[in-house]
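**Student:** Need the 3D shape of this:
(chains A and B)
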2 protein chains.
Amino acid sequence: MQDSFIKGLAEIVGAQYVLTGESDTAPYTTDWRKQYRGAAAGVVRPASTAEVSAVVGLCAAAGVAIVPQGGNTGLSGGSVPTGKRPEIVLSLARMNRIRQLDALNDTLTAEAGCVLADIQRAADDAGRLFALSLAAEGSCQIGGNLSTNAGGVNVLRYGNARDQVLGIEAVLPDGRVWDGLRGLRKDNTGYDLKQLFIGAEGTLGVITAAVLKLHPKPSASATAWVAVENPNRAVELLNHLRKTCGQRLTAFELLSQTCAQAVFAHRPEIRDPLPGAAWSVLVELADSGADDALKQMLEQALDTECAANAVVAQTGAESKALWRIRETVPEAQFANVKHDISVAISKVPEFIERAGAALEKAFPGVRIYCFGHLGDGNLHYNIGDATLLAASRDAVNRIVYDEVAALKGSISAEHGLGQLKRDEITRHKDPLELELMRAVKHAFDPQGLMNPGKIL
Amino acid sequence: MQDSFIKGLAEIVGAQYVLTGESDTAPYTTDWRKQYRGAAAGVVRPASTAEVSAVVGLCAAAGVAIVPQGGNTGLSGGSVPTGKRPEIVLSLARMNRIRQLDALNDTLTAEAGCVLADIQRAADDAGRLFALSLAAEGSCQIGGNLSTNAGGVNVLRYGNARDQVLGIEAVLPDGRVWDGLRGLRKDNTGYDLKQLFIGAEGTLGVITAAVLKLHPKPSASATAWVAVENPNRAVELLNHLRKTCGQRLTAFELLSQTCAQAVFAHRPEIRDPLPGAAWSVLVELADSGADDALKQMLEQALDTECAANAVVAQTGAESKALWRIRETVPEAQFANVKHDISVAISKVPEFIERAGAALEKAFPGVRIYCFGHLGDGNLHYNIGDATLLAASRDAVNRIVYDEVAALKGSISAEHGLGQLKRDEITRHKDPLELELMRAVKHAFDPQGLMNPGKIL
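**Tutor:** Numbering: from 1, shown residues only, chains lettered A, B, ... in the order given. As a prediction, this is how the structure comes out:
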């Protein structure tokens, strides 16, 4: 990279915010699972939209590609450079101001670098709920959450990251700033452009700020652990709870026996609430009003034949203990062939049966860890152990993804494509859809400067 | 138009489904308010996606433009031809099958020509709610609802038409069919293309079918009529109800005294529930469980200083009577200068004050009918009478839209741009946003064949 280019970047953001030494840039050029490493000409850390605009403009003039990066907590390698061409990492971390909280409009305007947990706290302080919640919330940033259309544990009730947004501000690939920061719940004045940037993984421009929706803060919650015989029963239970508890249902998480056993083996201090359950479901309700009424509603609702057995948490501590089981699943079965798939909720049992049979046939005795957001039709479906991961990753992927395709599902429900599934998706998506995506990409970024090697 | 072209259309759909005589085509070439009339070379009524594909392909080859049309109930002239170039009207009315209802996935797959009320009924028969609801529901069609991103009375709780969609099928401007009919709640595999077609008013392609979200059907409802001193109090009341009743709040409709008086003058048989109210609010809650508990919750919540006075409906008939007041507003003040605007909910009182003062200054003694979906920041803000409409429409529009712009609002909250606001929007939208919209249009429809003269 020419010195004059690096000097130009330093003139925009200040020399101390342009990192070029290898030890300084390493945390930005490696993803957190250490699956992807790519060199960058530099890491640039602007503090304002104007600085982002100037940096992107300079890159466009120099033909240098841009990798926008938030908390770098992604699981698909979308936030680190590929190293295949001149690239900079554009870190949004210093843009971490909450610009406005409009309580009467139930909106919060945040810059891209705001950490998700900080936004949740600001909303909470104003007596509101910001509904996006996921494991990485202490370090992921809202710009990354929106660019990847993050999911998490509240999707069943509140939707994905996309559904939390009323407006965005974005820097386009030529450096111009699009101010789409509208806090309107209704606006039918042409194409809804923000929807393109959301989930684009930084390939169409850089999201620099967003107007986010807030919700009434529930004052009551109730949590239960439920044993069910099989996934069919779990889907019936979901249907039953939606009918009886309506919109109070905020979480419905499924765990296979293998997952539960892995948790109790990994953390012996965690107690098994219902030993011997073939499948388990974590249920949560939330509402205004008091806890007791909600607990009673949940207890009554769980008195149904779809539930083999159930315990309702009687205290906040008991509720936390149940959530801890669910939250420990990822670390309890770490080294295996992972998937993040979705199918129609009604098709989940069929998927589990078909994929399980196909895997057993190919790899007799294989261990399957199946868990996730059944209320969204989204399973984290992880196969085998480190040995299988090393030897047969591609073969396992092929079996799982073919079953997903047969049921018209998605091979990336909430983690995005990034580098990880960029090639795989071409096997599954209609070529016409890929053509339309490329046409959009070309319309926004004809030079191909934005996050190359991701998605398309 | 050449005979061979018309003959080609007839070969695709059958001769009886190609209308060319003026009396046959008139209902399709005039909008229902009779504001827009444009000639068409023919009206084509295909019965399947394959037929739509073939018709569009033939038009593309012949350079004939296509005006997709659903129930033709739009208010902005988006569904009728401009007559400025060779055009056909493509009526989706015969594509009226519900292809699938998947109760366990809470989805319904409908063809574009399904009447909204028929979809609501199908959902209801399955013990589910399809949440989109608006005045024209007995004749509007879902394809038009999605193409215009329709709003209506349930947006506060369930969102706009956009929020009711999981997947679409669309015929592209060259006749190819994009099958995006996925019933997935999570799918992060690239750009969310369906979002472009939703709200595009048929300018990017023809929506032929959609996978729609269903919700649990509430078993209880409670309705109240509330007198408030001024719009500030109404916003405070909204805030209070969101806090105390949470997601139960499904409607929050504001009416100025002028609107209420117009209703009671127009329909003397309708009783005024709270005579003398300066401003009125219609509130509705919905929930699972029984009506009585919900009525009690609403009564308690309305015991607040923001409400000057309130009555809670004690029977279904009383609830209907309150809704009838709201529903009669449009016909009770028909001939005037109409607007469909939105601002942040917190800015509604400021808008009402600023716009009212500016209008009073320009037109002393002018009558203002202000009503609408305050819970969405959306007002139908109608000015004066037939005389003002005839003499000063543009001047009134200018005053209202300038106040909307000063508060970063929208000049078309739920009715779309169509022909009506196609020029006006160029005064308000950032030229960069218009440029991006044109780039999207060009990427999808380089020949400019889809619904020309609308939006852009």
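**Student:** Could you give the average pLDDT over stretch A:394-414?
**Tutor:** Averaging pLDDT along stretch A:394-414 yields 97.
**Student:** How about it and chain B, touching?
**Tutor:** Yes. Residues of stretch A:394-414 contacting chain B under C-beta under 8 Å from any C-beta of the partner chain: A:408, A:409, A:410, A:411, A:412, A:413, A:414. (Each C-beta comes from the backbone N, C-alpha and C, glycine too.)
**Student:** Secondary structure added to those residues, as JSON lines?
**Tutor:** Listed next are those as JSON lines, based on DSSP: H, G, I helix; E, B strand; the rest coil:
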{"residue": "A:408", "secondary structure": "coil"}
{"residue": "A:409", "secondary structure": "coil"}
{"residue": "A:410", "secondary structure": "strand"}
{"residue": "A:411", "secondary structure": "coil"}
{"residue": "A:412", "secondary structure": "strand"}
{"residue": "A:413", "secondary structure": "coil"}
{"residue": "A:414", "secondary structure": "coil"}
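**Student:** I'd assumed residue A:214 was in contact with residue A:126.
**Tutor:** Yes. The criterion here is C-beta atoms under 8 Å, and residue A:126 meets it with residue A:214 at 7.5 Å.
**Student:** Surely residue A:238 is within a strand?
**Tutor:** No. Residue A:238 is assigned helix when assessed by three-state DSSP, not a strand.
**Student:** which residues sit in contact with it?
**Tutor:** Residue A:238 makes contacts with A:252, A:345, A:374, A:375, as judged by C-beta atoms under 8 Å, 6 or more residues apart in numbering or on different chains.
**Student:** swap in residue A:218?
**Tutor:** Each residue near residue A:218 by C-beta under 8 Å, 6+ apart is listed here: A:129, A:250, A:286, A:287, A:288, B:246.
**Student:** what are the phi and psi angles of the fifth one?
**Tutor:** Right, the one you point to is residue A:288. phi -80, psi 180 (degrees, to the nearest 10).
**Student:** Let me know the pLDDT of it.
**Tutor:** Per the predicted model, pLDDT is 91 at residue A:288.
**Student:** neighbours around it, how many?
**Tutor:** 20 (other C-beta atoms under 10 Å in any protein chain shown).
**Student:** how about stretch A:178-189: buried residues?
**Tutor:** Using 16 or more other C-beta atoms under 10 Å in any protein chain shown as the test for burial, stretch A:178-189 gives A:178, A:179, A:180, A:181, A:182, A:183, A:184, A:185, A:186, A:187, A:188, A:189.
**Student:** Kindly apply the preceding question to stretch A:99-106 instead.
**Tutor:** In terms of neighbour count (16+ other C-beta under 10 Å), stretch A:99-106 has its buried residues at A:101, A:102, A:104, A:105, A:106.
**Student:** which ones are touching the residue in the stretch 1-150 of chain A positioned nearest to chain B?
**Tutor:** Nearest to chain B in the stretch 1-150 of chain A, going by C-beta to the nearest C-beta, is residue A:104, at a distance of 3.6 Å. Listed by C-beta under 8 Å, 6+ apart, the contact set of residue A:104 reads B:235, B:236, B:239, B:345, B:346.
**Student:** these two touch, right, the fourth one and residue B:373?
**Tutor:** Think residue B:345. No. Between residue B:345 and residue B:373 there is no contact under C-beta under 8 Å: 10.0 Å.
**Student:** So for stretch A:239-256, first residue to last residue, what's the gap.
**Tutor:** Start-to-end span of stretch A:239-256 (C-alpha to C-alpha, to the nearest Å) is 19 Å.
**Student:** Can you verify residue A:208 is assigned to a strand?
**Tutor:** Yes. Applying three-state DSSP, one finds residue A:208 inside a strand.
**Student:** ok now do residue A:404, which residues does it touch?
**Tutor:** With C-beta under 8 Å, 6+ apart, residue A:404 has these contacts: A:341, A:343, A:351, A:355, A:410, A:411, A:428.
**Student:** can you put these in TSV and add secondary structure and neighbour count?
**Tutor:** Listed next are the contacts of residue A:404 as TSV, based on DSSP: H, G, I helix; E, B strand; the rest coil; neighbours: other C-beta atoms under 10 Å in any protein chain shown:
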residue	secondary structure	neighbour count
A:341	strand	27
A:343	coil	27
A:351	helix	24
A:355	helix	26
A:410	strand	25
A:411	coil	24
A:428	helix	18
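**Student:** Can you tell me which of these is nearest chain B?
**Tutor:** Looking across the contacts of residue A:404 and measuring by C-beta to the nearest C-beta, the closest to chain B is residue A:410, at 4.0 Å.
**Student:** Pairing partners for the closest one in the sheet, please.
**Tutor:** For residue A:410, the beta-bridge partners are residue A:342 (DSSP bridges).
**Student:** just to revisit the earlier point, ok, of the residues of stretch A:394-414 next to chain B, which one's closest to residue B:360?
**Tutor:** residue A:414 (52.7 Å; C-beta to C-beta).
**Student:** show me the residues around that closest one that make contact.
**Tutor:** Taking C-beta under 8 Å, 6+ apart as the test, what residue A:414 contacts is A:149, A:150, A:151, A:152, A:155, A:160, A:340, A:378, B:186, B:188.
**Student:** Minimum pLDDT in those, which residue is that?
**Tutor:** Ranking the contacts of residue A:414 by pLDDT puts residue A:152 at the bottom, with 89.
**Student:** Can you name the residues that contact that residue?
**Tutor:** With the criterion set at C-beta under 8 Å, 6+ apart, residue A:152 makes contact with A:132, A:133, A:134, A:135, A:137, A:414.
**Student:** min pLDDT across those, which one?
**Tutor:** residue A:135 (90).
**Student:** who does residue A:255 bridge with?
**Tutor:** Beta-bridge partners, per DSSP bridges, of residue A:255: residue A:280, residue A:371.
**Student:** Any chance of JSON lines for the buried residues of stretch A:99-106, columns pLDDT and secondary structure?
**Tutor:** Compiled in JSON lines, those are given as follows (pLDDT from 0 to 100; DSSP: H, G, I helix; E, B strand; the rest coil):
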{"residue": "A:101", "pLDDT": "98", "secondary structure": "strand"}
{"residue": "A:102", "pLDDT": "98", "secondary structure": "strand"}
{"residue": "A:104", "pLDDT": "97", "secondary structure": "helix"}
{"residue": "A:105", "pLDDT": "98", "secondary structure": "helix"}
{"residue": "A:106", "pLDDT": "98", "secondary structure": "coil"}
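**Student:** Pick the one among these closest to residue B:394.
**Tutor:** Of the buried residues of stretch A:99-106, the one sitting nearest to residue B:394 (C-beta to C-beta) turns out to be residue A:105, at 30.7 Å.
**Student:** Do I have it right that the closest one meets residue B:349?
**Tutor:** No. Between residue A:105 and residue B:349 there is no contact under C-beta under 8 Å: 11.9 Å.
**Student:** Please give me every residue in contact with residue A:159.
**Tutor:** A:131, B:163.
**Student:** What ranges in chain A fall below the confidence cut-off?
**Tutor:** Along chain A, the model assigns pLDDT under 70 to residues A:1.
**Student:** okay, which residue is most central for it?
**Tutor:** residue A:150 (3.0 Å; C-alpha atoms, centre = their mean).
**Student:** which element is that residue on?
**Tutor:** Using DSSP states H and E, residue A:150 maps to neither a helix nor a strand.
**Student:** Any residues of the stretch 351-456 of chain A in contact with chain B? List them.
**Tutor:** So far as C-beta under 8 Å from any C-beta goes, the stretch 351-456 of chain A lies against chain B at A:373, A:376-378, A:408-417, A:421, A:425, A:428-430, A:432-434, A:436-437, A:439-444, A:455-456.
**Student:** Buried subset of these, written for ChimeraX?
**Tutor:** Selection command for ChimeraX covering only the buried members of these, criterion 16+ other C-beta under 10 Å:
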select /A:373,376,377,378,409,410,411,412,413,414,415,416,417,421,425,428,429,433,436,437,439,440,441,443,444,455,456
